[in-house]
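Visitor: Okay, structure incoming, though there's no sequence with it:
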């Protein structure tokens, strides 16, 4: 039986240059998707999956991210005084218990694999999750929870995967599948950002992982890979053919790439339309915009 996954790493050291000038002073991870920061969606998903320890790999200029998870006594006092109990409960849900959250600095931007490696001493010899807050997934059952349930059967390493158009394969790590069992696929190879003609499939890795501690040992020996960075997929691929197998998991849900402006806007619309308090007004506005656009043509 596989060990429970109770620790998660959140690599959030990136500069968010695609969202400048906003990210000049605001970490991308706390930019709001409707009325919640991107990172809150990841935290809520992790909690639903049974994660108890949250490890953030940060960099200089991320102090606002740390403040977000701290208590705000004056604000809570003001909400309590005004009788805004519902808002107070929302605020409390953003607080993290003392000791539940840790921050590690990534001093040099050497890639995702290096960011995960930076947290190695807090992981020890346990399986762990990695969550990229840029990838926001709308799902009836949270994506990481789906993976944890599947991992209880398989063990090893597991990566979230989705099918992408062949022309987009060069933007992802791509799986070479040895056995396809539907939701779970056995992996015989992983290629980071292959050329379209070299991609072994169109099954791409996205930002959710459950990894064995052996991956950290692999990262100890890693050299730079695609893009001159230390690639996490390369370290996972080293476990292929060992007793620690590698699996892909086709999650149920819709993934939004909130690391891009278009993806962020698409997610904003989708999540707003899912809200009872916003759906009618937004739907009406979108209909009006579509009609104006059609008339202009």
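Guide: Structure's in. What do you need? Model, not experiment: these values are computed from the prediction.

Visitor: Residue 37: how many residues sit nearby?
Guide: 21 (other Cβ atoms under 10 Å). All C-beta spots, glycine's among them, are computed from the backbone N, C-alpha and C.

Visitor: burial of the closest residue to it other than its chain neighbours, as a residue count?
Guide: Nearest residue to residue 37, sequence neighbours excluded (Cβ to Cβ, 6 or more residues apart in numbering): residue 30, at 4.0 Å. Per other Cβ under 10 Å, the neighbour tally for residue 30 reads 20.

Visitor: and residue 30, what does it touch?
Guide: By Cβ atoms under 8 Å, 6 or more residues apart in numbering, the residues touching residue 30 are 37, 38, 39, 64, 65, 68.

Visitor: Take those residues and keep only those in strands.
Guide: Under the assignment DSSP state E, the contacts of residue 30 contribute residue 37 to strands.

Visitor: biggest separation within the contacts of residue 30, which pair?
Guide: 38 and 64 (12.8 Å; Cβ to Cβ).

Visitor: So for the two, which residue has more residues nearby?
Guide: Ranked by neighbour count (other Cβ under 10 Å), residue 38 and residue 64 place residue 38 first, with 23 against 13.

Visitor: State the distance from the closest residue to residue 131 other than its chain neighbours to residue 276.
Guide: In space, and not counting its chain neighbours, residue 131 is closest to residue 42: 5.0 Å by Cβ to Cβ, 6+ apart. Noted for residue 42: a distance of 23 Å to residue 276, by Cβ to Cβ, to the nearest Å.

Visitor: Looking at the two now, which is surrounded by more residues?
Guide: Between residue 42 and residue 276, residue 42 has the larger neighbour count (other Cβ under 10 Å), namely 27 against 6.

Visitor: Okay, strands next: where are they in this structure?
Guide: Along the chain, counting by DSSP E, strands occupy 7-11, 32-33, 36-37, 53-58, 101-105, 128-131, 135-138, 157-163, 173-180, 184-192, 203-211, 246-250, 254-257.

Visitor: Now do the fifth one and strand 53-58, the angle between them.
Guide: Using axes from the mean of the first three to the mean of the last three Cα atoms, to 10 degrees, the direction of strand 101-105 lies 30 degrees away from that of strand 53-58.

Visitor: Report the residue ranges of every domain in this protein.
Guide: For the chain, automatic domain parsing gives the domain ranges 7-259, 262-297.

Visitor: sorry, back to before: which of the strands of the chain sits closest to residue 92?
Guide: strand 36-37 (13.9 Å).

Visitor: Sheet-wise, list the partners of that closest one with their directions.
Guide: Strand pairing for strand 36-37, determined by DSSP bridges: strand 32-33 (antiparallel).

Visitor: Okay then, goodbye and thanks.
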